[in-house]
Structures are given as structure tokens and as C-alpha cells.
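# Here you go, sequence then predicted model.
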Amino acid sequence: MRIIFFGTSAFAVFALKKLAESAHEVALVVTTPDKKGKRGKKLIYSPVKIEAEKYNIEIYQPEKLKIREVYEKIKGIDADIGVVVSYGKFIPNNLIDLPKYKMINIHPSILPKYRGPSPINYALLNGDSYTGVSIIDVTDKMDAGDIHMQWLAKIYDSDNYTTLHNRLAEMGSLMIMCSIRNIESGNTHKIRQDETLATFTKIIDKQDGLINFKDEDAQTILNKIRAFYEWPNVYFYHKGKQFKILDAEVINLSARTATVAKVNKNELIIGCKSQSLSIKVIQPESKKPMNIKAFLAGYKFNTGDDI
């Protein structure tokens with residue numbers, strides 16, 4: 001199959017790599033334009049662009065998709081199918097219709113649950129025991145296409161965003177190969193999504209990572225730590241300094257909310273709305289992450305301190 005690939009983020013790299021190393025031909029990779037780094041000194045390439053360059057695949061980075069130039073470019077590829085993975089832009093119908101078999105998408109949730117940009121984060125935020133990957137048709141409505149295939153994945157207590165992201169991305173890369181094979185052989189059995197069951201996610205922003213120990217229980221905060229492990233991280237302020245929490249444990253200890261409930265050379269436990277949170281890995285402002293014992297050897301916290 002001659003494939004046109006739309007993708008941007010690290011999640012899409014897994015599928016691109018699998019396709020590029022297969023018997024299929026990835027004729028063109030469409031990814032978002034390069035971004036300017038801090039102070040505009042250096043351009044930042046998308047993870048998909050970096051991967052595509054390894055395989056000498058032609059790369060196309062249009063600012064907008066709804067222009068004639070883009071239509072002619074995609075049409076000229078004469079692709080059998082389009083594969084869309086974490087691209088970041090809506091693809092208009094006139095482009096979706098160009099490939100022989102149109103376009104399919106890898107989405108990391110069990111659709112129609114968790115449509116939108118942050119399904120992995122939301123599964124962890126909500127404390128779900130499982131999630132999964134869906135292969136769907138690309139349509140002009142967000143993540144609403146018919147389902148080709150779904151695969152469930154258990155969420156382990158040890159999972160954070162990184163571990164779950166990588167497992168789902170690998171799963172998706174295997175599923176897309178299977179789906180393309182089914183489409184090519186005419187062996188497809190699609191299911192329409194139940195719109196009444198659809199739930200939606202939003203883009204995660206920096207403020208979402210700020211902890212409110214007074215109004216949030218310990219389990220909610222732990223879920224946020226896992227969900228925001230890569231970005232924006234979970235953080236709090238103490239004496240004007242920011243501290244990120246990268247790993248923690250819920251402790252069944254009743255304590256005054258938003259205060260240091262217990263501290264010694266091996267423990268830093270903070271009271272929450274319900275139960276308490278024992279910090280295991282922490283990152284002080286402008287410093288590297290460190291385990292709690294190393295942190296407490298150099299930073300002063302006292303029982304009863306307000307957080």
C-alpha cells in the first residue's frame with residue numbers, strides 16, 4: 001500500500017517507524033511546521049519529522065490545510081490510504097477523500113470515551129483501571145469515525161503518563177498494520193460509535209498541575225502526578241519556591257489539610273482534604289529530580305508548615 005502519513009507527536013513515531021520498516025511505502029509525511037525555540041535561536045522539529053528524516057521520507061509541513069496548494073500536493077501523491085496519528089490539526093473532507101481507501105486514525109482510548117487531545121491523561125486522572133486503543137475512520141468530526149478495531153489495555157498502579165503512553169503507542173502501531181491488511185484484503189467489519197456515550201477531553205495547560213492540598217484528596221493528587229508526569233508536572237509552592245512532585249504514595253493518615261503532617265530524614269507527608277500524601281521523588285525549582293531522602297538533607301520543612 002502507498003501511504004500518506006499525518007502525525008506530529010512522539011505517540012505517532014511508533015506507527016511511522018512500523019510502517020516505514022514494512023513492505024508498505026510511506027510516500028509522504030505531513031507534520032506541523034517547525035517551532036522556534038527559546039529566544040528564537042533554534043528551530044524545534046516535531047518528533048515525527050525527526051523520525052521521517054531517518055528513513056529519507058519526503059516531509060511536508062503546511063501551515064494550513066484548506067488551501068489549493070495542499071490539495072494538489074496530497075492529490076499528487078496518489079496514495080492508497082492515509083494514516084493519521086496525533087497530527088494536531090483537523091483534516092478537511094476534500095483531503096480525506098483523496099486516497100483510494102480514505103484515511104484511518106489511531107486514537108489512544110476506547111472510543112467513544114475520551115475523544116479529543118488528552119485521552120491518556122484523562123484515563124490516569126480519573127483513576128481508570130483500563131483504557132485502550134481504537135482504529136477509526138477519519139471524518140470531519142473529532143474522533144467520531146466508525147471503529148475498525150479496539151484493544152483493551154490494563155492500567156497498572158505503577159503506570160504514569162510515560163509508561164502508559166509508550167505501551168499504547170506500541171499497541172497502536174501493531175493495530176494499524178493489522179487494519180491496513182484488513183482494508184487491503186476487503187476484510188473490514190466496522191462499528192458505528194454510540195454518540196450518546198461520547199465523552200471529551202481538553203488540552204492540558206500549565207495551571208492544571210498546581211496542587212490544592214486543601215480542596216483535593218490525596219488520591220486525586222496522586223492521579224494528577226501520574227497523569228501530568230511529563231507535562232505540566234504537578235507542583236506546589238513553599239516559601240516562594242516551586243516544587244514538582246514526580247512520585248508519591250497515599251497514606252491513610254488524618255492530618256490538618258495543606259500542612260506538613262510529618263517530616264523526618266526519610267519522609268515528607270502532607271495533609272490533604274482526605275488522607276495524606278507521602279512524597280517519594282521531588283524536583284526543587286531549577287534543580288534536578290531527587291529522592292525524598294536526598295531532598296530533605298538539603299531542604300528544611302517543619303511539621304505544621306503551611307503548604
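Now that the structure is in, tell me what you want to look at. Numbers count the residues shown, from 1 in each chain.
# Just checking: what are the partner strands of the worst-scoring helix or strand of the chain on mean pLDDT?
The helix or strand with the lowest mean pLDDT-type score in the chain, counting by mean pLDDT, DSSP states H and E, is strand 35-36 (a mean of 87). Paired with strand 35-36 in the same sheet, following DSSP bridges, are strand 43-44 (antiparallel).
# any idea how far the helix or strand following the partner strand is from the chain center?
For strand 43-44, the following helix or strand on the C-terminal side (DSSP states H and E) is helix 47-54. Helix 47-54 sits 18 Å away from the centroid of its parent chain (CA atoms, centre = their mean, to the nearest Å).
# cool, stretch 55-65 as well?
Remark: stretch 55-65 is offset 22 Å from the chain centroid, using CA atoms, centre = their mean.
# now do stretch 64-74
Mean-position distance between stretch 64-74 and its chain equals 28 Å (CA atoms, centre = their mean).
# Buried residues, that stretch. List them.
Leu65, Val70, Lys73, Ile74 (16 or more other CB atoms under 10 Å). C-betas here are computed from N, CA, C, even on glycine.
# quick one: average confidence on stretch 177-188?
Across stretch 177-188, the average pLDDT comes to 96.
# about what we covered before: ok, of the buried residues of stretch 64-74, which one's closest to Gly127?
Leu65 (36.9 Å; CB to CB).
# SS state for the closest one?
Using DSSP: H, G, I helix; E, B strand; the rest coil, the structure places Leu65 in coil.
# Taking helix 47-54 as reference, get the angle to whichever strand or helix holds Leu19.
Leu19 belongs to helix 10-20 when assigned by DSSP H and E. Interaxial angle, helix 10-20 versus helix 47-54 (axes from the mean of the first three to the mean of the last three CA atoms, to 10 degrees): 30 degrees.
# Packing partners of helix 10-20?
Judged by 3 or more CB pairs under 8 Å, 6 or more residues apart in numbering; DSSP states H and E, helix 10-20 is in contact with strand 2-7, strand 25-30, helix 47-54, strand 81-85, helix 161-185.
# Mind putting the ones you listed into CSV with mean neighbour count and distance to Arg115?
Conversion of the helices and strands packed on helix 10-20 to CSV gives the following (neighbours: other CB atoms under 10 Å; distance: least, CB to CB, whole Å):
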stretch, mean neighbour count, distance to Arg115
strand 2-7, 24, 18
strand 25-30, 21, 22
helix 47-54, 18, 22
strand 81-85, 25, 14
helix 161-185, 18, 15
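# Can I get those in JSON lines including distance to Lys214?
Listed next are the helices and strands packed on helix 10-20 as JSON lines, based on distance: least, CB to CB, whole Å:
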{"stretch": "strand 2-7", "distance to Lys214": "41"}
{"stretch": "strand 25-30", "distance to Lys214": "46"}
{"stretch": "helix 47-54", "distance to Lys214": "38"}
{"stretch": "strand 81-85", "distance to Lys214": "40"}
{"stretch": "helix 161-185", "distance to Lys214": "25"}
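# The ones you listed: which one's closest to Ala255?
Here helix 161-185 is closest among these (CB to CB), at 28.0 Å.
# on contacts alone, who are the packing partners of the next helix or strand after that closest one?
Sequence-wise, the next helix or strand downstream of helix 161-185 (DSSP H and E) is helix 218-227. Judged by 3+ CB pairs under 8 Å, 6+ apart, the packing partners of helix 218-227 are helix 119-125, strand 234-238, strand 241-251, strand 276-284.
# export helix 218-227 as PDB, just CAs?
The C-alpha trace of helix 218-227 is given here as PDB (Å, rounded to 0.1, in the frame of the first residue of the first chain):
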ATOM      1  CA  ALA A 218      -4.600  12.500  48.300                       C
ATOM      2  CA  GLN A 219      -5.800  10.000  45.700                       C
ATOM      3  CA  THR A 220      -6.800  12.900  43.300                       C
ATOM      4  CA  ILE A 221      -3.400  14.400  43.700                       C
ATOM      5  CA  LEU A 222      -1.700  11.100  43.100                       C
ATOM      6  CA  ASN A 223      -3.700  10.600  39.900                       C
ATOM      7  CA  LYS A 224      -2.600  14.100  38.800                       C
ATOM      8  CA  ILE A 225       1.000  13.200  39.500                       C
ATOM      9  CA  ARG A 226       0.700  10.100  37.200                       C
ATOM     10  CA  ALA A 227      -1.300  11.900  34.500                       C
END
